[in-house]
Structures are given as C-alpha cells and as structure tokens.
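Engineer: What follows is a predicted structure for the sequence shown.
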Amino acid sequence: MTSPRVRIAVAGVGNCASALIQGIEYYRALNDLRSAGLINSEIAGITAGDIDVVAAFDVDIRKVGKPVNEAIFAAPNCAQRLVEDMPGESITVEMGPVLDGIAPHMAEQPDDRAFRQADAAPVDIAQSLKNSGAEVLVCYLPVGSDEAVKHYAQACLDAGVALVNCVPVFLASDAAWADKFRDAGLPIIGDDIKSQLGATIVHRVLTQLFNERGVDLQQTYQLNTGGNTDFMNMRAEDRLKSKRISKTQSVQSANDQPMTDDNIHIGPSDYVAWQKDNKVCFIRMQGQGFGQSPVELELRLSVEDSPNSAGSVIDAIRFAKAGLMQGWAGPLEEPSAYYMKSPARQIPDAEAFQLCKTLVDELAG
Ligand SMILES: NC(=O)c1ccc[n+]([C@@H]2O[C@H](COP(=O)([O-])OP(=O)(O)OC[C@H]3O[C@@H](n4cnc5c(N)ncnc54)[C@H](O)[C@@H]3O)[C@@H](O)[C@H]2O)c1
C-alpha cells in the first residue's frame with residue numbers, strides 16, 4: 001500500500017521554513033535511520049519524507065519569485081545546512097500581503113540581518129492555496145504580525161485548508177477563531193510552536209518536577225539570546241507582548257500555584273548577531289523544599305533554533321493531515337497541547353505525550 005502524502009503551503013520562508021523544507025529532504029533520503037531525530041517516524045502512515053511543498057509565500061525581495069529550494073538559503077536566513085543540495089525543481093515563492101509583517105526597525109539594520117520588502121503585487125492567498133492543492137498551511141510569520149497571520153488564517157478558511165500556527169498570534173486558543181475552523185470542518189493546531197527540546201518544554205518539565213517532589217517554586221527566570229531575524233524582530237518591545245504572554249503562561253500553567261508577576265520573568269532577552277541561529281537559554285529556579293530548605297537550579301541550554309522547531313512542526317503537519325482524513329474539525333487538543341506553547345487547553349507534557357502516542361497508535365491501526 002502506498003503511504004498517503006501531505007501537500008503543504010508555507011507562509012514565511014524564513015529560518016524555520018528552511019529547516020523544515022531541508023528536513024523533509026533529509027528524511028526522504030534516509031532509509032535505515034528514518035526515525036533518528038524525530039519524535040514519531042510515522043503518523044497515520046505518513047513519514048517525514050511524504051510531505052510536499054506546493055505553495056510558499058513571502059514578502060522579501062530576495063525570496064519572492066525564486067524557487068523555494070533557493071529562497072530557503074537566501075539572506076537574511078542563517079539556519080544551518082541539513083542537506084548539501086536540494087534536488088529537483090521546486091515551486092516559486094509568491095508575494096504575500098505585507099500588512100504588519102515587517103517591523104519598521106528592520107530598515108535600520110544591515111541587509112543580512114533584516115527583511116527587505118519586494119516591490120511586487122500580492123497574490124490572492126485563498127485562490128493561490130486552492131490552485132496549489134495545498135491541504136495544510138504552516139504559518140511562520142514574524143512575531144507581532146497579528147493582521148497578516150489572521151489574513152492567512154482567513155484564507156485557509158476560504159480555501160478549505162488546515163492550519164498549523166507556529167506564531168504567538170492566538171487563533172487555536174481563541175474561542176471565536178476555534179469556532180471558525182470548527183464550522184468550516186477544518187483542523188487547526190496552534191498556537192506558537194513548542195520546539196522539540198527547547199526552553200519551554202525543559203522549563204515546564206522542571207516546574208512539574210518541583211511540584212511532584214513537593215518543592216515550592218518561588219522565583220524563576222528564563223533568559224534567551226539568539227542572532228537570527230526572529231530575535232532581531234523581537235527587539236521591538238511592542239511586537240513582543242504576545243510572545244511574552246505565550247512563553248510565560250506555558251510555564252505558569254505547569255506550576256500548581258501560579259507565581260506572581262514579580263517572581264517570574266520569561267522572554268526573548270537579547271539579540272547577539274554572531275550567535276545567528278544558535279539560541280542559548282538560561283534558566284534559574286529557586287524554591288523551598290523539606291523544612292523550607294532552599295533549592296536552586298541553574299541551567300544553560302544551547303540549540304539550533306530552527307531545526308529544533310522543525311522537530312515539532314514535522315509532527316504537527318502530519319497530525320493536521322490525519323485530522324483531515326478523519327474529519328476532525330477545530331483545534332486538535334492533544335497535538336496542540338504537546339507541540340504548541342499556547343493550546344486551547346494546557347495538558348501536562350507527560351500526559352499530552354501519552355495522549356498523542358495513543359492517537360498515533362490508533363491512526364496506525
Ligand atoms: N524555535 C523557533 O525557531 C521558534 C519557536 C517558536 C515559535 N517560532 C516562531 O515561528 C515564526 C517564524 O520564525 P523564523 O525563525 O522562521 O522567522 P524568520 O524571521 O526567519 O522568518 C519570517 C519570514 O516571514 C517573512 N514575512 C514577513 N511578513 C510576511 C508576510 N506578510 N507574508 C509572508 N511572509 C512574510 C519574512 O520575510 C521572513 O522570510 C516566528 O513567529 C517565531 O517566533 C519559532
């Protein structure tokens with residue numbers, strides 16, 4: 001029996017898209033090590049290599065009009081190379097509506113660190129999605145692109161396409177948007193991708209551990225530095241609000257007793273140009289254990305930011321396709337809880353993992 005394939009569209013051909021699209025090719029070429037580096041080798045009979053990119057949208061002059069396999073390596077992208085050569089022909093990146101996608105401060109930065117708007121007319125996204133035959137749109141727009149993300153989400157509804165929302169713009173976790181997807185009979189997985197082994201999941205699991213072992217977590221911070229355009233974009237504090245909310249509530253929700261605002265500090269902390277796509281996270285947790293004795297934990301986590309997100313997105317896409325095959329509509333609760341920082345309903349990660357595993361087993365059967 002031939003395995004089902006998934007046709008995806010990508011909004012925002014930045015570093016995360018680069019890692020994902022290279023990763024699909026990487027796993028397609030692997031035979032015996034298919035599951036290395038993956039959370040699931042197969043979901044609903046679909047492997048990582050069974051994903052086809054059939055449409056891509058961006059607004060940067062170095063990407064629009066280019067084959068997507070070239071655009072993923074264009075400046076200001078700086079994600080590491082996972083494959084030497086991307087084989088074959090690929091679809092052309094189309095011009096999206098800019099709306100609030102490009103922060104004004106990008107203009108003050110050198111070309112290789114910032115977005116540069118293309119001088120082209122935007123396409124009709126819904127029409128383009130329909131023409132391409134896309135089944136799932138992966139939204140990878142910059143943080144703070146509230147209007148633009150909603151424009152792509154509406155296009156999904158109009159075109160009958162499922163959505164994987166990797167951005168902290170609240171859709172799957174917003175009752176009104178969740179209803180729109182439910183009413184349209186379309187799955188949505190969101191919001192704000194929780195990387196494969198990133199700061200959020202580590203911080204959540206450690207918070208859970210403090211709780212389980214009876215240690216009262218009293219203060220914590222999570223400071224993150226990086227040198228990609230995601231970090232450059234987040235230098236504008238007004239674009240950052242939803243990211244701070246998403247990251248903070250993700251950790252708060254893992255704690256039995258939410259900490260007061262003064263006692264928890266989480267967010268992107270600084271842009272360090274030479275770090276490029278390397279993200280470094282510093283976590284400190286302070287609490288009291290037996291007899292109120294002090295417990296302090298310090299941790300440094302270093303990852304390549306974009307492949308780390310792709311490790312989760314590769315599963316979210318396949319769950320979205322499974323949803324389409326099964327007729328599931330609205331927010332997919334279990335995958336959203338496991339793969340996203342801001343799902344409609346937070347579930348402890350160990351439990352969400354088991355729920356997803358059960359789904360994977362049922363879908364395989
Ligand atoms: N580990 C991770 O990297 C991670 C984790 C969680 C969430 N995210 C989120 O995923 C998103 C993508 O991250 P990234 O590192 O790929 O960002 P990026 O800056 O590398 O890419 C964003 C892309 O969007 C394009 N763009 C801007 N406005 C657009 C519009 N209106 N239409 C189409 N394209 C537009 C830009 O030109 C750029 O190519 C961000 O919101 C980020 O916060 C990433």
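Structural biologist: That came through, no problem.
Engineer: how about the longest helix along the chain: buried residues?
Structural biologist: Ranked by residue count under DSSP state H, the longest helix found in the chain is helix 305-326. Buried positions in helix 305-326, judged by neighbour count with 16 or more other Cβ atoms under 10 Å: 305-325. Heads up, the C-betas are built off the backbone N, CA and C, glycines and all.
Engineer: Write out the residues of this structure neighbouring the ligand.
Structural biologist: Residues of the chain lying close to the ligand by Cβ under 6 Å from any ligand atom are 11-17, 57-60, 96-99, 101-102, 115, 140-143, 145, 148, 166-167, 192-193, 195, 198, 228-230, 233, 305-306, 308-309.
Engineer: what number of residues lie near the residue nearest to Ile283 when sequence neighbours are not counted?
Structural biologist: Excluding the flanking residues, the one nearest Ile283 by Cβ to Cβ, 6 or more residues apart in numbering is Leu299, at 4.4 Å. The number of residues packed near Leu299 is 14, by other Cβ atoms under 10 Å.
Engineer: Leu299 sits in which helix or strand?
Structural biologist: Assigned by DSSP states H and E, Leu299 belongs to strand 294-304.
Engineer: Now do the buried residues in that strand.
Structural biologist: Neighbour-count burial for strand 294-304, with 16+ other Cβ under 10 Å as criterion, is recorded at 295, 301, 303-304.
Engineer: do the same with stretch 350-362
Structural biologist: By neighbour count on 16+ other Cβ under 10 Å, the buried set for stretch 350-362 is 352, 355-356, 359-360.
Engineer: Closest one of those to the ligand?
Structural biologist: Nearest to the ligand, judged by Cβ to the nearest ligand atom, of these is Ala352 at 16.8 Å.
Engineer: residues in contact with the strand holding Leu299?
Structural biologist: The contact list for strand 294-304 (Cβ atoms under 8 Å, 6 or more residues apart in numbering) reads 19, 79-80, 195, 197-199, 202, 206, 210, 215, 277-289.
Engineer: So the residue of the stretch 101-250 of the chain found nearest the ligand, which state does it fall into?
Structural biologist: Proximity to the ligand, evaluated over the stretch 101-250 of the chain using Cβ to the nearest ligand atom, is greatest for Gly101 at 2.2 Å. Following DSSP: H, G, I helix; E, B strand; the rest coil, Gly101 is assigned to coil.
Engineer: Likewise for Ala148?
Structural biologist: Following three-state DSSP, we place Ala148 in the helix state.
Engineer: Check Leu163 too.
Structural biologist: Secondary structure state of Leu163, per three-state DSSP, is strand.
Engineer: for the stretch 51-200 of the chain, what spans make up the helices?
Structural biologist: Here the stretch 51-200 of the chain has its helices, by DSSP state H, counting those that start in this stretch, at 68-71, 125-132, 146-159, 175-184, 199-212.
Engineer: Could you dump the ones you listed into JSON lines with mean pLDDT and mean neighbour count added?
Structural biologist: Formatted as JSON lines, the helices of the stretch 51-200 of the chain follow (pLDDT from 0 to 100; neighbours: other Cβ atoms under 10 Å):
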{"stretch": "helix 68-71", "mean pLDDT": "97", "mean neighbour count": "21"}
{"stretch": "helix 125-132", "mean pLDDT": "98", "mean neighbour count": "18"}
{"stretch": "helix 146-159", "mean pLDDT": "98", "mean neighbour count": "21"}
{"stretch": "helix 175-184", "mean pLDDT": "98", "mean neighbour count": "16"}
{"stretch": "helix 199-212", "mean pLDDT": "97", "mean neighbour count": "19"}
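Engineer: so which of those gets nearest Gly330?
Structural biologist: Among the helices of the stretch 51-200 of the chain, the nearest to Gly330 by Cβ to Cβ is helix 175-184 (3.4 Å).
Engineer: how distant is the closest one from the center of its chain?
Structural biologist: Here the centre of helix 175-184 is set off from its chain's centre by 20 Å, with Cα atoms, centre = their mean, to the nearest Å.
Engineer: show me the residues around Pro268 that make contact.
Structural biologist: Taking Cβ under 8 Å, 6+ apart, one finds 224, 226, 230-231, 234, 240, 243 in contact with Pro268.
Engineer: List phi and psi for the residue of the chain most remote from its centre.
Structural biologist: The outermost residue of the chain, judged against the average C-alpha position, is Gly291 (41.4 Å), by Cα atoms, centre = their mean. Backbone torsions of Gly291, given as degrees, to the nearest 10, read phi 60, psi 30.
Engineer: what separates it from Gly214, distance-wise?
Structural biologist: The gap separating Gly291 from Gly214 is 11 Å, by Cβ to Cβ, to the nearest Å.
Engineer: So, low pLDDT: which residues of this protein?
Structural biologist: Scanning the chain for pLDDT under 70 picks out the ranges 1-3, 31-34.
Engineer: related to what we said a few turns ago, can you tell me which of the residues of the chain next to the ligand are in strands?
Structural biologist: Among the residues of the chain next to the ligand, the members falling in strands (DSSP state E) are 11, 57-58.
Engineer: Switch the residues you listed over to TSV; also include neighbour count and distance to Tyr339.
Structural biologist: Putting these into TSV (neighbours: other Cβ atoms under 10 Å; distance: Cβ to Cβ, whole Å) gives the following:
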residue	neighbour count	distance to Tyr339
Ala11	30	18
Phe57	28	22
Asp58	28	24
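Engineer: Just the closest of these to Ala254, please.
Structural biologist: Nearest member of these to Ala254, counting by Cβ to Cβ, is Ala11, at 29.7 Å.
Engineer: pretty sure that closest one is touching Ser145, no?
Structural biologist: No. Counting by Cβ atoms under 8 Å, Ser145 is not a contact partner of Ala11; they are 9.5 Å apart.
Engineer: Right, I'll call it a day here.
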